[in-house]
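In: Test case, fold it:
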Amino acid sequence: MTQERLDLNFDGMPTTTVLQARLQLAQPTRRPKMLRREIETPWGHGIVLGKYGQAHVDLMESIFKHVEKYRKTEDGAIELIVDPHKVRMSAGGNKQISGSQMDVLKLEIMQVVIDLKGNGIHDPIAGHIIDEIRTSAIKAPSRPGAINGENRYMWYVRLGPAYVRFLQDDLHLHYDPEPIAALTTGIAQAVARHVATHKTEPHGGWKVDGLIEAVGGGKTIKQLQNQRADLKTDQDGLKNLGLTVEDGRVKRIVG
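Out: As a prediction, this is how the structure comes out:
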């Protein structure tokens, strides 16, 4: 994974940005609720209104990973063209998401409203994450092995001007979202995404309970216990990402 601050004049879009994980933009679960969440972290604060969890982040990161074309508009939005087949495979952890599930995720993402102020962001960010996702007029390339005459089209995605400010002011992260999407628990996904925002590891690794708190989990003793257990359930998937969970600590695998 690479981390850098960039403007919009570069080849390719980032997978995500640092503050999206650190400001707890998404709930640390694959079964989020429709909520108004007040966020307060060492990296910033704000409000997130909507149903936005780790499966939604899988979709967002996969959209960014598979951008074919993009352009910035006069009102500050960014328009993207992406291949929906690649997005569905990536967001499903190399297992294609069903069309109905994808439709639900797209609708819920377009309904989310954010009002955030993060360290390094020049102005408060208020508005939608995505304004629009629809089938574009651009025909997608035929997939390998597809039946002759396959007729499918790319997606048009419009990122809201408020969300675009993350891309302008925040540190960018570049990585393959598929291994994180393949994790089975939302807390493991949220922890993996949070760890990815750090270049260096604290001495002895990160405390499990501290990471759970940092991503917005552990609200009750019972929830904390369940989320500790979920991290252990996803140990193999986390190892694929270069992370171990041992003795109450999360560490990067060296070598």
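In: where in this structure is pLDDT low?
Out: Along the chain, segments meeting pLDDT under 70 span 1-12, 124, 144-149, 255.
In: Name the residue closest to the centre of it, please.
Out: residue 57 (3.2 Å; CA atoms, centre = their mean).
In: which residues does that residue contact?
Out: 16, 20, 25-26, 189, 193 (CB atoms under 8 Å, 6 or more residues apart in numbering). C-beta coordinates here come from the backbone N, C-alpha and C atoms, glycine included.
In: again, 7 Å this time
Out: By CB atoms under 7 Å, 6 or more residues apart in numbering, the contact list for residue 57 reads 26, 193.
In: Assign it to helix, strand or coil.
Out: Classification of residue 57 by DSSP: H, G, I helix; E, B strand; the rest coil places it in helix.
In: how close does it get to residue 251?
Out: Distance of residue 57 to residue 251, given as CB to CB, to the nearest Å: 23 Å.
In: for residue 123, same thing?
Out: Counting by CB to CB, the gap from residue 123 to residue 251 is 37 Å.
In: So which of those two has more stuff around it?
Out: residue 251 (17 against 9; other CB atoms under 10 Å).
In: so how far is residue 252 from the residue nearest to that one when sequence neighbours are not counted?
Out: Excluding its sequence neighbours, the residue lying closest to residue 251 (CB to CB, 6 or more residues apart in numbering) is residue 205, at 3.6 Å. To residue 252, residue 205 is 8 Å away according to CB to CB.
In: My read is that residue 173 contacts residue 18, right?
Out: Yes - here residue 173 reaches residue 18: they are 6.4 Å apart, a contact under CB atoms under 7 Å.
In: What is the strand ranked longest in the chain packed up against?
Out: Criterion DSSP state E: the longest strand present in the chain is strand 130-139. For strand 130-139, the elements it packs on are helix 99-111, strand 153-159, judged by 3 or more CB pairs under 7 Å, 6 or more residues apart in numbering; DSSP states H and E.
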